[in-house]
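Student: how does the following fold in three dimensions:
(chains A and B)
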Number of protein chains: 2
Amino acid sequence: MIRNPAEAVRPFFEPRGVAVVGASPNPRKGGHIVVANLKRFGYRGPIYPVNPSGEQILGLRTFASLALVPEPCDLAVLVVPQPAVFEVVEQAGRRGIGNLIIATGGFSDMGEEGRREERRVADRARALGIRLMGPNSIGTISPAAGVVTSITTLQPLRPGGVSFCGQTGVFGSGFAATIESGERFGIARIACLGNKSDLADVEFLEFFARDRATRVLGVYIEGVRDGRAWARALERVSRAKPVIVLKSGRTEEGARAVSSHTGTMAGADRVYDSVFRRAGVFRVDGFEPMFDLAKAFEFCPLPAGNRIGVISITGVGCVLASDRAGHYGLRVPDFSAPALEKMRAVVPPWAPLRNPADIWSAIEKVGGESAYSVVSSAAARDKNIDILGLIFVLIPESDFNIAQLAGELKRTKKPALATILGGAPDVVKKFTETLEANQVPVYPSVDRMLAAAGALASRTGFLRDRKHNPVR
Amino acid sequence: MIRNPAEAVRPFFEPRGVAVVGASPNPRKGGHIVVANLKRFGYRGPIYPVNPSGEQILGLRTFASLALVPEPCDLAVLVVPQPAVFEVVEQAGRRGIGNLIIATGGFSDMGEEGRREERRVADRARALGIRLMGPNSIGTISPAAGVVTSITTLQPLRPGGVSFCGQTGVFGSGFAATIESGERFGIARIACLGNKSDLADVEFLEFFARDRATRVLGVYIEGVRDGRAWARALERVSRAKPVIVLKSGRTEEGARAVSSHTGTMAGADRVYDSVFRRAGVFRVDGFEPMFDLAKAFEFCPLPAGNRIGVISITGVGCVLASDRAGHYGLRVPDFSAPALEKMRAVVPPWAPLRNPADIWSAIEKVGGESAYSVVSSAAARDKNIDILGLIFVLIPESDFNIAQLAGELKRTKKPALATILGGAPDVVKKFTETLEANQVPVYPSVDRMLAAAGALASRTGFLRDRKHNPVR
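Tutor: The predicted model follows:
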């Protein structure tokens, strides 16, 4: 049974019907939460709770055994005790259900005996033609399809273009709970691979390379088994869309922690580093920069180059931007003469005007809305500028109706990013939400904005180099 | 008129009476906002609005001229047009008011002509025995004294031990508006120096070295005039309390932006770097890490050493902590046998147990509250461990009454820091506020927690080295 690896993964994101084995009427149990999440996310296919007691669960008819579940059903989520998993795999085989997510832990994540049982389960599944996620996997989320197999209670997520993939369950639990309010970008797919006894990074990367819903991919990786296939798959994704990778187990101490966590080897970090460079993926040190970059790629068009025009209410924003731009591969060129002329409509003649532009004097003269609007639209039309970086300090006196400016920035073909250097909490909230609703990512520091802008420019350079040298 | 430089600064933080020259009945004007802020912050000394119109301002009697203001008055804030500043300095001299904050801009911040006027004002003030902050300075904040001279509307700040000092106004505007809800530490002093025509970094550093209210100091610096005196003053502060420095103008581009912003020279970055190393100050790249470290120093006792015990609900937290600890100067040693034995009361016998401790199996067995409490109190009593790092993922299922654990952590003599890797927003808010109310700083990433913990350990090392080699 050889299938296209990408197609092997699809039913895990877009199943035609989902069985939940170990479904429970007890709202605190994982087997209940999976059913409740599927209903809350609006999954449109049939949900089949499997529970020998026969009680209804959340108004759904239950089935005493996986073998009794009707059509269509191409995915089962197992939330049963560890010793029961093998038998459920047998039932799936008899029933002809080809895809299982094993949420149950206590396998290779818990020592040698668990490892042996995991191998026995995986071998049996392979013999039956069944593909597995896990064990110890909280599965997938596909908001547009209403699919969610997490055993932790989640609120519906906005569909969008950002996908995350990794063995850790944190994407499908804590981060999935935070993203809606904290990051405000939409999610295409989340895949928490767990112990990877069958389907692993390679198959998912191949899927993400082809997945039209995914516009940017964040990958967490501790270690891989088939390094060559994995590197090839990573390159394939990166050709199609930006990839941000957090690879842990860099140090000896980290590698030891990896080994105890999922039983994979971390491998030499330098090897990974060269793979990442070759593939043109963005390597980050933590989830915070991963989300920062994902947001920029999801919201912004790619720039033509690396020249940023910075517009700031405060001198310290100008200085920090000048200082740190080079570190992130950006240049801060002079504005062109026509742009400067347009800016002078609001900047008083006695005030210095260069890039970065300190527009405090313009704000005093014409107010924040007009000052930011005139100066940023001049920069957006400036042939010297590829990217806009707007810096705000949101004291009550600098508050204005941000919707108008945000709309203008959205219509600009150049990427626009923003930094908010503090302010009254309600004003900060309003600006952040309005800007991000208009595809302008907002960062709490100049450095984080520049890192994101630098990644956009770097992606442009990568694609250009590939175009000129396609065999790279 | 030679005064102790530290004492020269004190009236700017603790004036016995404040005149606001250019006070306005118009709520949108800076001269109104200063008066309103002083009233809102509960300043207990007299406030004297100075305005020739004679109208009452916020129920206060106004004075037609600074010369007419009664006793006590040892500080005047000038919010008058640039051409009027010189004359107000003359009036201050006649009236015997020795300390002025010149909020007005348009001096050396705005070209050669402004620079000449600034020099004329400063020379006249010196001749009259008057000390100046500014021009282009929004002055100071001392929450415990109810003092605030910012021309931007602020809500009262919680008194505490963190002080900030720098030429930028962003400390006394945007950040002052954000700190209460965003950082939750208390403020001792904020000083926004502006153009530094008279009082500058050296005088303020000397003050902060002696100021009992200040337990930790954040400094933003673009350039200094008297480098030697400044380095000596910095060393003096750092001997007494931790200092975190953001020095911009590192690169040529940044230096150019500095020069256009405040007219000071940035100087060779390597020279600064060696000054910082010698003084044992913490150099950071942005305001975000400055606040991260300030919070740790404000909340936490200093550790005995650099050995961190990490307790995490998720394997990925353990791996990231192991991986990155060394980068921040921390070690992750084994727990001692007695500590492991205590932890086994909640960690099932089949689950691996080491440092970092993945306590998911304990949480499943006894719940989050008991699992974190037993394991962290064992680590707190472990002679191998100097610092505690707790990692949470706040899915609804891992929620618990955090107040009890937070109280225990507060009573521990070892510093405890926390990371929240996402979760349901209301639970994240509750945990963050409760932990920080109990002096446990909370970070949104493992890296930022480790950076703060590493700074605590580094401070311990610095003080120990100084004790053994006091002439250093």
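Student: the helix or strand hosting A:Gly218 pairs with which strands, and in what direction?
Tutor: A:Gly218 belongs to strand A:216-221 when assigned by DSSP states H and E. Within its sheet, strand A:216-221 is paired with strand A:159-166 (parallel), strand A:243-247 (parallel), according to DSSP bridges.
Student: could I get the ones you listed as JSON lines with mean pLDDT and mean neighbour count?
Tutor: No exception for glycine: its C-beta is placed from N, CA and C like everyone else's. Shown next, in JSON lines, are the strands paired with strand A:216-221 (pLDDT from 0 to 100; neighbours: other Cβ atoms under 10 Å in any protein chain shown):
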{"stretch": "strand A:159-166", "mean pLDDT": "98", "mean neighbour count": "24"}
{"stretch": "strand A:243-247", "mean pLDDT": "97", "mean neighbour count": "24"}
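Student: which one of the ones you listed lies nearest to A:Thr412?
Tutor: Proximity to A:Thr412 (Cβ to Cβ) singles out strand A:159-166 among the strands paired with strand A:216-221, at 19.5 Å.
Student: what residues does that closest one touch?
Tutor: For strand A:159-166, the external contacting residues (Cβ atoms under 8 Å, 6 or more residues apart in numbering or on different chains) are A:143-144, A:171, A:175, A:185-193, A:201, A:204-205, A:208, A:211, A:213-221, A:246, A:294-295, A:297-298, B:316.
Student: correct me, but A:His32 touches A:Gly22?
Tutor: No. The criterion here is Cβ atoms under 8 Å, and A:His32 misses it with A:Gly22 at 9.4 Å.
Student: can you mark which positions in stretch A:380-389 are buried?
Tutor: By neighbour count on 16 or more other Cβ atoms under 10 Å in any protein chain shown, the buried set for stretch A:380-389 is A:380, A:382, A:384-389.
Student: so which of the residues you listed are in helices?
Tutor: Those of the buried residues of stretch A:380-389 mapping onto helices are A:Ala380, per DSSP state H.
Student: which one of the buried residues of stretch A:380-389 sits closest to B:Ile102?
Tutor: For the buried residues of stretch A:380-389, the nearest to B:Ile102 is A:Gly389 (31.0 Å; Cβ to Cβ).
Student: how about the contacts made by that closest one?
Tutor: With Cβ under 8 Å, 6+ apart, A:Gly389 has these contacts: A:308-311, A:321, A:356, A:416-419, A:449-450, A:453.
Student: near chain B, which of those residues show up?
Tutor: Restricting those to those touching chain B (Cβ under 8 Å from any Cβ of the partner chain) yields A:321, A:356.
Student: could I get the contacts of A:Gly389 in JSON lines, plus columns for distance to A:Gly98?
Tutor: Listed next are these as JSON lines, based on distance: Cβ to Cβ, whole Å:
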{"residue": "A:Ile308", "distance to A:Gly98": "50"}
{"residue": "A:Gly309", "distance to A:Gly98": "53"}
{"residue": "A:Val310", "distance to A:Gly98": "54"}
{"residue": "A:Ile311", "distance to A:Gly98": "55"}
{"residue": "A:Ala321", "distance to A:Gly98": "53"}
{"residue": "A:Pro356", "distance to A:Gly98": "57"}
{"residue": "A:Ala416", "distance to A:Gly98": "46"}
{"residue": "A:Leu417", "distance to A:Gly98": "44"}
{"residue": "A:Ala418", "distance to A:Gly98": "47"}
{"residue": "A:Thr419", "distance to A:Gly98": "49"}
{"residue": "A:Met449", "distance to A:Gly98": "46"}
{"residue": "A:Leu450", "distance to A:Gly98": "47"}
{"residue": "A:Ala453", "distance to A:Gly98": "44"}
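Student: out of the contacts of A:Gly389, who's nearest chain B?
Tutor: A:Pro356 (6.5 Å; Cβ to the nearest Cβ).
Student: quick check: the gap between A:Ser370 and chain B.
Tutor: Applying Cβ to the nearest Cβ, to the nearest Å, the value for A:Ser370 to chain B is 16 Å.
Student: for that residue, give me phi and psi.
Tutor: Phi and psi for A:Ser370, reported as degrees, to the nearest 10, are phi -70, psi -40.
Student: that one touches A:Val347, doesn't it?
Tutor: No. Counting by Cβ under 8 Å, A:Val347 is not a contact partner of A:Ser370; they are 11.2 Å apart.
Student: shared neighbours, those two?
Tutor: A:Ala362.
Student: count of residues packed around A:Ser274?
Tutor: A:Ser274 has 12 neighbours, counted by other Cβ atoms under 10 Å in any protein chain shown.
Student: ditto for the one 10 residues further on
Tutor: Neighbourhood size, A:Val284 [other Cβ under 10 Å]: 22.
Student: beta-bridge partners for it, please?
Tutor: Going by DSSP bridges, A:Val284 forms beta bridges with A:Leu246.
Student: and for the helix or strand that A:Ala8 is a member of, what's in contact with it?
Tutor: Using DSSP H and E, A:Ala8 sits within helix A:5-13. If you take Cβ under 8 Å, 6+ apart as the criterion, helix A:5-13 is touched by A:74-75, A:98-99, A:101, A:131, A:133, A:139-140, A:142, A:145, A:147, A:189, A:191, A:199, A:202-204, A:206-207, A:209-211.
Student: sort out for me which of those residues are in strands.
Tutor: Taking DSSP state E as the definition of strands, those contribute A:75, A:99, A:101, A:131, A:133, A:139-140, A:142, A:147, A:189, A:191.
Student: any chance of the residues you listed in a markdown table, with pLDDT too?
Tutor: Shown next, in a markdown table, are the ones in strands among the contacts of helix A:5-13 (pLDDT from 0 to 100):
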| residue | pLDDT |
| --- | --- |
| A:Leu75 | 98 |
| A:Asn99 | 98 |
| A:Ile101 | 98 |
| A:Arg131 | 97 |
| A:Met133 | 98 |
| A:Gly139 | 96 |
| A:Thr140 | 98 |
| A:Ser142 | 98 |
| A:Val147 | 98 |
| A:Arg189 | 98 |
| A:Ala191 | 98 |
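Student: give the buried residues for stretch A:333-344.
Tutor: For stretch A:333-344, the buried set under the neighbour-count rule, 16+ other Cβ under 10 Å, comprises A:333, A:335-336, A:339-340, A:342-344.
Student: what's the answer for stretch A:287-306, then?
Tutor: Buried residues in stretch A:287-306 (16+ other Cβ under 10 Å): A:287-300, A:302-306.
Student: spell out which parts of the stretch 101-250 of chain A neighbour chain B.
Tutor: Residues of the stretch 101-250 of chain A lying near chain B (Cβ under 8 Å from any Cβ): A:109-111, A:152-153, A:155, A:166, A:168-170, A:173-179, A:181-182, A:220, A:222, A:248-250.
Student: which residue packs closest to the residue in the stretch 351-472 of chain A positioned nearest to chain B, ignoring adjacent ones?
Tutor: Shortest the stretch 351-472 of chain A-to-chain B distance, computed as Cβ to the nearest Cβ: residue-wise this is A:Gly422, at 3.1 Å. Leaving aside its sequence neighbours, A:Gly422 sits nearest to B:Gly174 (Cβ to Cβ, 6 or more residues apart in numbering or on different chains; 3.1 Å).
Student: the one you found is in contact with A:Ile395, isn't it?
Tutor: Yes. Look at B:Gly174 against A:Ile395 with Cβ under 8 Å: they come within range, at 6.0 Å.
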